[in-house]
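Student: below are the sequence and a predicted model for it; my questions follow.
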Amino acid sequence: MKETMCMKKMKNVAAVFLACFLAVGNGTILWAAEDRAEVQITQEEETQSIISQLTGLPYIGGQRFDTPLVMQGEMMELQNVDEQGILGCLKWDFDNDNSDEILAVTYGPSESFGAENKCVRVAMYELSVDTWMASDMFELAEYDREGRFKDLATISGSNMTAYEGNLFLRRVNGQYQFFYEYNASPKYLASGTEWYLKGYTYDGSNFSVIENTLNMAYAGSGPEADALFHLNPDSQSSYGQSIANIIKRYKELGFQVEQIGGDGENFYSTASQDPNCHSLVRFLRGDNLDGESVYERLRAEGRLDGFWIDIEDNTSSIRDIGDQAQTEEELTDSDTVSVSGCYEEFLKTNHAGDYYTIVEAGENQESILVVATGFSERNEDIYTPELGYDIVIYGTDGGAVHQIGEPLHLSESSGPWYFYGNKLICNSRKGGYYTVDITGDTYTQNIHHDGSSSDWKPLSLRKNRGAAGEQTQPSTEDTTVSGQYILPDSNSEYLTEEILISRGLTKEQLGLARNEIFARHGRMFDTPEIQQYFDSRSWYAPRYAPAEFDAMGDGIFNEYEKYNMESIKALEDKLG
């Protein structure tokens, strides 16, 4: 029997009276639980407001979006979600400095894969003096084997009608780790399932890929899927080694789970099983159809309604993030050292070349070390060659750095090396261009005659000072993911001429450092080279055209920034 409205009200009154009675202390009714809830709601709204002001995006989390299945030529695809916005925010002390940061999950144009592509962005914001600024970010996207953009959260460009994706975090030995895992199936359209996991460690200023999660993906069906999803490899089977390797690396991460993956109807996510993992945002796809003749109806009608995606914001449910301790042996097994850290250590102990950079040029966007030779006479910290040059490519496996293939020789007339997508690119003297396609420990050079070079970025190389420990600012890690500031303290300390000189910056670097102060506040630049440089910085969020920004006056800058702009400019003038 259904309760009447009156009965419900009586129950609610009784419940409130009982709560008040139990909360009486020294003659005073304590509304602690209600007060805490109100405070939490207020904090969540304030946090969302901060991110909304920084990004210009509204909050769209906690909603269901209809995504009809439509025919695109001969392809079947779910309709994209048009809305852009904030999916979830969590204000927390992520770097253990007794000051909160804000982790913001948003959906909109990609910063790493081109604005024409949309994906989910996970960014960390830090409060510097009185200004919130993004310190680093990563995006839930990649290029597939055919070089096509893939939105891992399936909000755009997907035919996975059954899908569960989970962005979650945990804390291990005081450090926060973030993971994205999804299980997916075309369900009505094809057989088989997909499973994917990738993780990042946040060190207080940067996200670094957890190497043990590189290439942790599977697509298939049958006995091998059963073995993987039940974490029980059969060493006697023909597929044993590849599946066993994924299972081994997954288990080394130390998750407390019984199984992973799914069958299109039921999914078994890591976050739903491991009590140490906390879901931030969850994406769930489903439909209201009975499954009969879906394929035939779609072919005949061209469009089928009844498909949807839920975006669940679970950040408000996170109250405490316990620290999961791992022993030294477990840490060694899990191999959570960052890829860039392996390369930096390799460069310190092996003078492999004159300049280098780290780019996500692997088959599945693994970070690859590119070492350039032939520039021994140069001494700039950052150098972007205009002519062709030779390179040697390195990869890493379990922390051990190894050379990939033979050195690549490029004549000066071919022009410099470029990077776009997950490819190293160079022009061909016979017309067209080459891409370097890396697969495991080898690569192939493939020539192309069609395609635009407008989005190519020339490699900016960093001086390799070897084991002498002479590396100076600016620090430039992967230029497509986590580039550093040239002067990270230009908004929080007074930088005198003596201090600037001690940083060892060239006049060109000083100019970028001065413009960096403007870029922190979202200013764009008329000079293409400057705009291109800041576009490669992960923290950069362009929001204002030059004229629009300049019309705001200098009130947008704090006192440190105003002083440092003048100090840097004065030193630039002295250097001629």
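Tutor: On my side now, so go ahead. Numbers count the residues shown, from 1 in each chain.
Student: quick one: contacts for the spatially closest residue to Asp274 that is not a sequence neighbour?
Tutor: What sits nearest to Asp274 in space, not counting adjacent residues and going by CB to CB, 6 or more residues apart in numbering, is Gln256, at 4.5 Å. From N, CA and C alone the C-beta is placed, and that goes for glycine too. Neighbouring residues of Gln256 by CB atoms under 8 Å, 6 or more residues apart in numbering: 273-276.
Student: same question for Ile501.
Tutor: By CB under 8 Å, 6+ apart, the contact list for Ile501 reads Leu571.
Student: thinking again about what came up before, dump the contacts of Gln256 to a markdown table, plus distance to Lys562.
Tutor: Output for the contacts of Gln256, formatted as a markdown table (distance: CB to CB, whole Å):
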| residue | distance to Lys562 |
| --- | --- |
| Gln273 | 52 |
| Asp274 | 49 |
| Pro275 | 49 |
| Asn276 | 46 |
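Student: ok, which pair from those is furthest apart?
Tutor: Pairwise distances across the contacts of Gln256 peak at 10.2 Å for Gln273 and Asn276 (criterion: CB to CB).
Student: burial count for the closest residue to Gly62 other than its chain neighbours?
Tutor: Nearest non-adjacent residue to Gly62, counting by CB to CB, 6+ apart: Asp313, 4.8 Å away. By other CB atoms under 10 Å, 23 other residues sit near Asp313.
Student: quick one: Asp313 and Ala104 touch, right?
Tutor: No. Using CB atoms under 8 Å, Asp313 is not in contact with Ala104; the gap is 11.6 Å.
Student: may I have stretch 358-378 as CSV, with CA atoms only?
Tutor: Extracted C-alpha coordinates of stretch 358-378, given in CSV (Å, rounded to 0.1, in the frame of the first residue of the first chain):
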residue,chain,number,x,y,z
ILE,A,358,59.8,13.8,-24.3
VAL,A,359,56.7,13.4,-26.4
GLU,A,360,53.8,11.0,-26.4
ALA,A,361,54.8,9.4,-29.6
GLY,A,362,54.3,5.7,-28.7
GLU,A,363,51.8,3.4,-30.4
ASN,A,364,49.4,4.1,-27.6
GLN,A,365,50.7,7.5,-26.7
GLU,A,366,53.5,6.2,-24.5
SER,A,367,56.0,8.8,-23.6
ILE,A,368,59.1,8.6,-25.8
LEU,A,369,62.5,10.2,-25.3
VAL,A,370,63.8,11.9,-28.4
VAL,A,371,67.5,12.7,-28.3
ALA,A,372,69.1,15.1,-30.9
THR,A,373,72.7,15.0,-32.0
GLY,A,374,74.8,17.5,-33.8
PHE,A,375,74.3,20.6,-31.6
SER,A,376,77.3,20.3,-29.3
GLU,A,377,78.3,23.9,-30.0
ARG,A,378,75.0,25.3,-28.8
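Student: what are the buried residues along it?
Tutor: Buried residues in stretch 358-378, counted by 16 or more other CB atoms under 10 Å: 358-362, 364-372, 374-375.
Student: so what does the spatially most central residue of the chain look like in phi/psi?
Tutor: In the chain, the centroid-proximal residue (CA atoms, centre = their mean) is Phe138; its distance is 1.3 Å. The phi/psi pair for Phe138 (degrees, to the nearest 10) reads phi -140, psi 160.
Student: how close does the closest residue in space to it that isn't next to it in sequence get to Phe168?
Tutor: With sequence-adjacent residues excluded and distances taken as CB to CB, 6+ apart, Phe138 is closest to Phe207, at 5.1 Å. Here Phe207 is placed at a distance of 15 Å from Phe168 (CB to CB, to the nearest Å).
Student: picking up where we left off before, any shared contact partners between Asp313 and Ala104?
Tutor: Residues touching both Asp313 and Ala104 by CB under 8 Å, 6+ apart: Gly88.
Student: returning to what we had before: hey, what's the residue nearest to Gly62 bridged with?
Tutor: Assessed by DSSP bridges, Asp313 has beta-bridge partners Val281.
Student: which residues does it contact?
Tutor: 61-62, 87-88, 281.
Student: next one: Tyr176
Tutor: Residues in contact with Tyr176 (CB under 8 Å, 6+ apart) are 94, 169-170, 201-202, 321.
Student: swap the cut-off to 6 Å and go again
Tutor: For Tyr176, the contact set (CB atoms under 6 Å, 6 or more residues apart in numbering) comprises 94, 169, 202.
Student: what strand or helix carries it?
Tutor: strand 175-185 (DSSP states H and E).
Student: show me how far that strand is from its chain's centre.
Tutor: 11 Å (CA atoms, centre = their mean, to the nearest Å).
Student: also stretch 286-304?
Tutor: Relative to its chain's centre, stretch 286-304 lies at 35 Å (CA atoms, centre = their mean).
Student: before we move on, what about stretch 550-561?
Tutor: On the basis of CA atoms, centre = their mean, stretch 550-561 sits 30 Å off its chain's mean C-alpha point.
Student: buried residues, it. List them.
Tutor: Buried residues in stretch 550-561, counted by 16+ other CB under 10 Å: 557-558, 560-561.
Student: farthest pair in the residues you listed?
Tutor: Phe557 and Tyr560 (8.4 Å).
Student: where do the helices sit along the stretch 451-576 of the chain?
Tutor: For the stretch 451-576 of the chain, helices defined by DSSP state H, counting those that start in this stretch occupy the ranges 497-502, 507-520, 528-535, 546-550, 559-574.
Student: please identify the most buried of these.
Tutor: helix 507-520 (a mean of 20; mean count of other CB atoms under 10 Å).
Student: between it and helix 559-574, how many degrees?
Tutor: Put simply, helix 507-520 runs at 160 degrees to helix 559-574, going by axes from the mean of the first three to the mean of the last three CA atoms, to 10 degrees.
Student: and helix 507-520, what does it pack against?
Tutor: helix 559-574 (3 or more CB pairs under 6 Å, 6 or more residues apart in numbering; DSSP states H and E).
Student: so Leu228 sits in a strand?
Tutor: No. Leu228 is assigned helix when assessed by DSSP: H, G, I helix; E, B strand; the rest coil, not a strand.
Student: sec struct for the residue lying closest to Leu228 once chain neighbours are set aside, please.
Tutor: Spatial nearest neighbour of Leu228, excluding adjacent residues (CB to CB, 6+ apart): Ile243 at 5.1 Å. What three-state DSSP gives for Ile243 is helix.
Student: and Ile243, how far is that from Ala227?
Tutor: Noted for Ile243: a distance of 6 Å to Ala227, by CB to CB.
Student: who's more crowded, those two?
Tutor: Just comparing Ile243 and Ala227: by other CB under 10 Å the higher neighbour count belongs to Ile243, 22 against 19.
Student: okay, now the unreliable bits of the stretch 401-550 of the chain?
Tutor: Of all residues in the stretch 401-550 of the chain, those with pLDDT under 70 make up the ranges 410-414, 429-430, 452, 454-455, 465-484, 538.
Student: what about 50?
Tutor: The stretch 401-550 of the chain contains residues with pLDDT under 50 at 467-483.
Student: against Ile501, how distant is the residue nearest to Ala361 when sequence neighbours are not counted?
Tutor: Using CB to CB, 6+ apart and skipping residues adjacent in sequence, the residue nearest Ala361 is Ile368, 4.3 Å away. To Ile501, Ile368 is 35 Å away according to CB to CB.
Student: same thing with Val172?
Tutor: Val172 is 41 Å from Ile501, by CB to CB.
Student: do Tyr218 as well
Tutor: Per CB to CB, Tyr218 is found 54 Å from Ile501.
Student: hang on, the earlier thing: parallel or antiparallel, list what pairs with the helix or strand following the strand holding Tyr176.
Tutor: Using DSSP H and E, the next helix or strand after strand 175-185 towards the C-terminus is strand 193-202. With DSSP bridges as the test, strand 193-202 is paired with strand 175-185 (antiparallel), strand 207-209 (antiparallel), strand 217-220 (antiparallel).
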